[in-house]
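Asks: quick one, fold the following:
(chains A, B, C and D)
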Protein chains: 4
Amino acid sequence: MGKGRLEAFSDGVLAIIITIMVLELKVPHGADWAVLVAQWPAFLSYVLSFVYVGIYWNNHHHFLQAAQKVNGASLWANLHLLFWLSLMPVTTGWMGENQFASLPVAVYGAVLLMCGLAWQPFQRSLIVANGGKASLLAQAVGADWKGWFAVAMYVSGIALAFVAPWVSCLFYATVAAIWFIPDRRIESRIEQ
Amino acid sequence: MGKGRLEAFSDGVLAIIITIMVLELKVPHGADWAVLVAQWPAFLSYVLSFVYVGIYWNNHHHFLQAAQKVNGASLWANLHLLFWLSLMPVTTGWMGENQFASLPVAVYGAVLLMCGLAWQPFQRSLIVANGGKASLLAQAVGADWKGWFAVAMYVSGIALAFVAPWVSCLFYATVAAIWFIPDRRIESRIEQ
Amino acid sequence: MGKGRLEAFSDGVLAIIITIMVLELKVPHGADWAVLVAQWPAFLSYVLSFVYVGIYWNNHHHFLQAAQKVNGASLWANLHLLFWLSLMPVTTGWMGENQFASLPVAVYGAVLLMCGLAWQPFQRSLIVANGGKASLLAQAVGADWKGWFAVAMYVSGIALAFVAPWVSCLFYATVAAIWFIPDRRIESRIEQ
Amino acid sequence: MGKGRLEAFSDGVLAIIITIMVLELKVPHGADWAVLVAQWPAFLSYVLSFVYVGIYWNNHHHFLQAAQKVNGASLWANLHLLFWLSLMPVTTGWMGENQFASLPVAVYGAVLLMCGLAWQPFQRSLIVANGGKASLLAQAVGADWKGWFAVAMYVSGIALAFVAPWVSCLFYATVAAIWFIPDRRIESRIEQ
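Replies: This next block holds a predicted model:
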């Protein structure tokens, strides 16, 4: 099964997710500085989510570039990943509207966690469809410590949200910073 | 007539439908657990609809993969199918907002029914465009009992909604579960 | 200049226009029949607009299939066409919300008129880019009476809206019915 | 790394930005002329933004046509550009809703400025990926006076917004008019 339409559909959904998030930045009523300044939590959470969706798109792109085929399981694993990503706009809006209150920050972290976990079966299904453990893809992924480190950070962030939500946001931002650079492992393996 | 642009347009519309459904999950006012828990009917109906649109995308993908050509009738049969699918976000939102009340559950079932019925002429037009009854596609589809079973379940669900709407939802979820696995018939025929 | 990206971008915009129109079908408050029945003007105007955008996509598809190249003017003529089409969701919503009152029906007709007029320079730019008057495309288009008949119907519809808005809607629906079948001229010319 | 998926994703995001801007044109309550006329600032700012996003799409299209490859930096430079463009719908809506008041006009100009500045690293990354200073792309871009003139106009527009916001809008419209024609330099270089 070719990967073309899976890429096209995912590009579509990711493009829409990243763009409708901006609809949660409501057009403010009034035209003065106070009104504008009051938008900063919404803006900040928009920036964080934009970077996260950008990272997922980037890694999705890199990962599928190294793959030749997809199977039936990949289609559903991909939809599962997109499902959790599709919850980012609403949780972003909720977190921004409540100035990073505890529960919204925890729920935001939970969505990030589910996205991170949903990446694993997607990754696995592509490895299976492209030759298994001995394949280029499997070697490029390796032990995937970055993926599991992110999961640990999300779990800590969720727990900390009820004590110090700003620390949770710092944790989420740290993971984003680590993932910012697309996976060199895959690029270097492809070149070999 | 090539199938490329029909696929691209359908991917676009399906990607948007699956994503704007999340806009019906309104950002809740307040940041406590009560507010979050109150979202569960909206969330549940979102999950169900996400799975349904995912199934349609999956089958659309599989079906067009087996087809080589489309004709003028396919274009309109496809738009007709997309029309009914485009009503999913609004009926999903209506059902979720009213905690699965009778009428919204019946209307939701009616939209599922129309999607199921709209699939038939789309399927038929592709079979006609690709060699008719003797073609690979026609043989792969066969008697299509799954399609007609779904129609029967939707009709029962609509009728039952006025008595026990939860049973209707169970019916809709059952159909989704049956359709979850993409059509093996087509895959196995292609391999042959 | 290749036509691939112009097609992709237009498919994207048309897919979004056709889908966000459904956002104007607001989730109704309440779950009884009265609430549902009150939606019929919104639903009817949605159906009409869905058919219109479907027609434009269909003809866009057919027309670009017969073209080999696009030029700089085509890019802007295409964006100009998309601009007027992008106004369909808001005018559809306005017409539906006001139960086909005079002014909204006239404005809706004006948007249809502008779409119809915007088609002409788009068509012309493609003919110029693909060999001019002697080209396959130019011959396929011919005198384009259907295009000018539509313009006449829209103008009449706009004027009549202030007397009998329902007759205007009938006019708009008639044009849609005439355009429903994609342009045979182009298909038959391609086959030759 | 191929440019196909970067083009596809950007087309998707730009198509969505240009289309969801129309959602800021709220369906007005009431059906008389007063209500319609009150929409003109919203409509005017929609037209200006539509032209701007159209220009960015056009130049993106032209620029990538001349490029053969993209690198990891291009992916993020492109996302950075799309980020600032994604703020156009909300600032357009804010400017229109407040009848071109000082602060919204200044903020709108600031978003245009950031888009203009974000274009530079995107352009640079593509030049680096396609052969550096001696490449076709670098020569086609040349000194890029148009880009820096636009930046100067935006800065002046932002400053002037607090004195005479209409003059700022005139400045923004002037830049749009200058950029309206896609970059001949690239087209002529490609032909050579």
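Asks: so A:Ala176 makes contact with A:Tyr52?
Replies: Yes: taking contacts as Cβ atoms under 8 Å, A:Ala176 lies within contact range of A:Tyr52: 5.9 Å. The way it works is simple: take the backbone N, C-alpha and C, and place the C-beta from them, glycine included.
Asks: comparing those two, which residue is more hemmed in?
Replies: A:Tyr52 (23 against 18; other Cβ atoms under 10 Å in any protein chain shown).
Asks: the more buried one contacts A:Gly116, correct?
Replies: No: using Cβ under 8 Å, A:Tyr52 is not in contact with A:Gly116; the gap is 10.2 Å.
Asks: ok, the residue of chain A at minimum distance from chain B - contacts?
Replies: Proximity to chain B, evaluated over chain A using Cβ to the nearest Cβ, is greatest for A:Gly12 at 3.2 Å. A:Gly12 makes contact with B:Asp11, B:Gly12, B:Leu14, B:Ala15, B:Ile16, C:Gly12, D:Gly12, according to Cβ atoms under 8 Å, 6 or more residues apart in numbering or on different chains.
Asks: what's the pLDDT at it?
Replies: Note on A:Gly12: pLDDT of 86.
Asks: give me the nearest residue to it, chain neighbours excluded.
Replies: B:Ala15 (3.2 Å; Cβ to Cβ, 6 or more residues apart in numbering or on different chains).
Asks: which helix or strand contains that neighbour?
Replies: helix B:4-20 (DSSP states H and E).
Asks: from C:Ile16, how far off is the residue nearest to A:Gly12?
Replies: 10 Å (Cβ to Cβ, to the nearest Å).
Asks: could you do A:Val90 as well?
Replies: 19 Å.
Asks: again, but for A:Ala106
Replies: Applying Cβ to Cβ to A:Ala106 and C:Ile16 gives a distance of 33 Å.
Asks: where do the strands sit along chain A?
Replies: Counting by DSSP state E, one finds no strands in chain A.
Asks: what residues does it put near chain D?
Replies: Chain A has residues A:7-8, A:11-12, A:14-16, A:18-20, A:22-23, A:25-33, A:36, A:47, A:50, A:54, A:57-58, A:61, A:65, A:180-182, A:187 near chain D, with proximity defined as Cβ under 8 Å from any Cβ of the partner chain.
Asks: what subset of these is buried?
Replies: A:7-8, A:11-12, A:14-16, A:18-20, A:22-23, A:25, A:27-28, A:31, A:36, A:50, A:54, A:57-58, A:61, A:65, A:182, A:187 (16 or more other Cβ atoms under 10 Å in any protein chain shown).
Asks: shaky segments in chain A?
Replies: A:1, A:143, A:181-192 (pLDDT under 70).
Asks: so which bits of it are right by chain C?
Replies: So far as Cβ under 8 Å from any Cβ goes, chain A lies against chain C at A:Gly12.
Asks: list the contacts for the closest residue to chain D within chain A?
Replies: Residue of chain A nearest chain D, by Cβ to the nearest Cβ: A:Ala15 (3.2 Å). Applying Cβ under 8 Å, 6+ apart, one finds that A:Ala15 lies in contact with B:Ala15, D:Phe9, D:Gly12, D:Val13, D:Ala15, D:Ile16.
Asks: so what's A:Thr174 up against?
Replies: By Cβ under 8 Å, 6+ apart, the neighbours of A:Thr174 are A:Met153.
Asks: contacts only, for the nearest residue to A:Pro121 once chain neighbours are set aside.
Replies: Nearest non-adjacent residue to A:Pro121, counting by Cβ to Cβ, 6+ apart: A:Ala77, 4.6 Å away. Going by Cβ under 8 Å, 6+ apart, A:Ala77 touches A:Ala118, A:Pro121, A:Phe122, A:Arg124, A:Ser125.
Asks: wait, which of the residues you listed is closest to B:Tyr154?
Replies: Nearest to B:Tyr154, judged by Cβ to Cβ, of the contacts of A:Ala77 is A:Ala118 at 29.6 Å.
Asks: check the gap between the residue lying closest to that closest one once chain neighbours are set aside and A:Leu126 for me.
Replies: Spatial nearest neighbour of A:Ala118, chain neighbours left out: A:Leu81 (4.3 Å); criterion: Cβ to Cβ, 6+ apart. In this view, A:Leu81 and A:Leu126 are 11 Å apart by Cβ to Cβ.
Asks: any idea how far A:Phe149 is from A:Phe171?
Replies: 11 Å.
Asks: which one of the two is surrounded by more residues?
Replies: Per other Cβ under 10 Å, whichever of A:Phe149 and A:Phe171 has more neighbours is A:Phe171, with 22 against 15.
Asks: list the contacts of the nearest residue to the more buried one once chain neighbours are set aside.
Replies: Leaving aside its sequence neighbours, A:Phe171 sits nearest to A:Gly157 (Cβ to Cβ, 6+ apart; 4.0 Å). Residues near A:Gly157 by Cβ under 8 Å, 6+ apart: A:Val105, A:Ala106, A:Gly109, A:Leu112, A:Val167, A:Ser168, A:Cys169, A:Phe171, A:Tyr172.
Asks: farthest-apart pair in these, please.
Replies: Between all members of the contacts of A:Gly157, the farthest pair (by Cβ to Cβ) comes out as A:Leu112 and A:Val167, at 14.9 Å.
Asks: more crowded one of these two?
Replies: A side-by-side neighbour count of A:Leu112 and A:Val167, using other Cβ under 10 Å, places A:Leu112 first with 28 against 14.
Asks: isn't that one up against A:Phe171?
Replies: No: between A:Leu112 and A:Phe171 there is no contact under Cβ under 8 Å: 9.7 Å.
Asks: my guess is A:Met95 meets A:Tyr46, correct?
Replies: No: A:Met95 lies out of contact with A:Tyr46 (Cβ under 8 Å); the separation is 9.9 Å.
Asks: the closest residue to A:Ala173 other than its chain neighbours and chain C, how far apart?
Replies: Nearest non-adjacent residue to A:Ala173, counting by Cβ to Cβ, 6+ apart: A:Leu48, 6.4 Å away. Distance of A:Leu48 to chain C, computed by Cβ to the nearest Cβ, to the nearest Å: 25 Å.
Asks: so who does A:Arg5 touch?
Replies: B:Glu7, B:Asp11, B:His61, B:Gln65.
Asks: again, only this time at 7 Å
Replies: Contacts for A:Arg5 (Cβ atoms under 7 Å, 6 or more residues apart in numbering or on different chains) come out as B:Glu7, B:Asp11, B:His61.
Asks: ok, the residues you listed vs D:Asn130, which is closest?
Replies: B:Asp11 (29.4 Å).
Asks: got a list of what that closest one touches?
Replies: By Cβ under 7 Å, 6+ apart, the residues touching B:Asp11 are A:Arg5, A:Ala8, A:Phe9, A:Gly12.
Asks: how about A:Leu113?
Replies: By Cβ under 7 Å, 6+ apart, the neighbours of A:Leu113 are A:Val151, A:Tyr154, A:Val155, A:Ile158.
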